[in-house]
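In: below is the sequence, then the predicted model.
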Amino acid sequence: MGFESLKKNKLRDNAPGLRKNILIAERDWFVALTGLKAPVGPFLLAGDTLRIIGNHEFVAGKGFVPFHSTLATAELTGENVGDRESRTNNPSLVAQHPGLTAEIVEFFQSRKNGDWIVLQQTLAGEWIQMGEDGLEAEIMFSFGSGKVDGGYQGVTATISNFGKPYFYEGDILYYPEPV
Amino acid sequence: MEKSIKKSPSLPQDVAEKYEATIVPTVVMIASGKSKGSYDLIRISMEDAEKLANDGKYLKKKSPEKSSKAENIKG
């Protein structure tokens, strides 16, 4: 693996933003020890150290829970934290979910103390994963009613962790819903 | 809001006669292989079920013994 250059990819549309579905799964829902996949060597191509090509495996009856985020609000950002020569990443995803009801507040309230693995999809189709074994993501939330003459009524979820953003290329299983 | 008793998700009846799911039926997004695409195992067609089973993804053909038992119960 090596970087001789990093040229502009003229074929890529490079539209900004994230698609509407954010997927979250509790760390304990993955099969113990082997269920949560990570990049595996040999890393032959540039970018391979951040690519997860295996399929995440869940214990029976678990999977990724999708929640809707309003387009034009979901944004993933990342910055370095720490001191010089000892830095790591601190990616952060902010997304708004419309509505202020008991179901919506309960959804986020019951998730604020969990350890999460989170997937979000770019417009080009890549799934970016936040969270890894031992460096899971945290989901915090705030809510607002908006005002009668403007604003937004809903929940703002802030998801962050310390670690690298990974690019997940495996299968995705949704949490099975009772019918 | 109308309340009803919910039951565990299952394969469509016709598919369940021939195939069994290796996971609790749900939406799956398969990233690669011959069956690449999104499927809802609760509403999957027989054609797609065959495709997934042949690709070894989340469905497998029932053994003849199990299939005949299912037919007997149905009959």
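Out: Okay, I see it.

In: C-alpha only now, for contacts and for neighbours.
Out: Noted.

In: okay, now the unreliable bits of chain B?
Out: Flagging of chain B using pLDDT under 70 yields the residue ranges B:1-4, B:66-75.

In: would you mind naming what in it lies close to chain A?
Out: Near chain A, the residues belonging to chain B are B:6-9, B:23-32 when assessed by Cα under 8 Å from any Cα of the partner chain.

In: 7 Å instead?
Out: Those residues of chain B that sit near chain A, judged by Cα under 7 Å from any Cα of the partner chain, are B:6-9, B:23-31.

In: what about those, which one has the most neighbours?
Out: Taking other Cα atoms under 10 Å in any protein chain shown as the neighbour criterion, residue B:25 ranks highest of the residues of chain B next to chain A with 27 neighbours.

In: looking at the residues of chain B next to chain A, which are in strands?
Out: If you go by DSSP state E, the residues of chain B next to chain A have B:27, B:28, B:29, B:30 in strands.

In: which ones are touching the closest residue in space to the second one that isn't next to it in sequence?
Out: Okay, so that is residue B:28. Nearest residue to residue B:28 in three dimensions, chain neighbours excluded: residue A:173, at 4.6 Å (Cα to Cα, 6 or more residues apart in numbering or on different chains). By Cα atoms under 7 Å, 6 or more residues apart in numbering or on different chains, the residues touching residue A:173 are A:63, A:64, B:27, B:28, B:29.

In: could I get those residues as a markdown table with distance to residue A:107?
Out: Putting those into a markdown table (distance: Cα to Cα, whole Å) gives the following:
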| residue | distance to residue A:107 |
| --- | --- |
| A:63 | 16 |
| A:64 | 14 |
| B:27 | 20 |
| B:28 | 22 |
| B:29 | 24 |
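
In: in chain B, which spans are helices?
Out: Secondary structure of chain B by DSSP state H: the helices cover B:13-18, B:46-54, B:64-74.

In: by contact count, what packs against the first one?
Out: What that stands for is helix B:13-18. Helix B:13-18 sits against helix B:64-74, with contacts defined as 3 or more Cα pairs under 7 Å, 6 or more residues apart in numbering or on different chains; DSSP states H and E.

In: ok, what's across the strand from residue A:150?
Out: residue A:147 (DSSP bridges).

In: should've said residue A:77
Out: Going by DSSP bridges, residue A:77 is paired in beta bridges with residue A:92.

In: thinking it is in contact with residue A:92, fair?
Out: Yes. Taking Cα atoms under 7 Å as the definition, residue A:77 is a contact partner of residue A:92 at 5.3 Å.

In: looking at those two, which is more packed in?
Out: Set side by side, residue A:77 and residue A:92 give different neighbour counts by other Cα under 10 Å, the larger being at residue A:92 (20 against 10).

In: ok, that one touching residue A:76?
Out: Yes. Under the criterion of Cα under 7 Å, residue A:92 lies in contact with residue A:76, with a separation of 5.7 Å.

In: quick one: residue A:155 is in a helix?
Out: No. According to DSSP: H, G, I helix; E, B strand; the rest coil, the state of residue A:155 is strand, so it is not within a helix.
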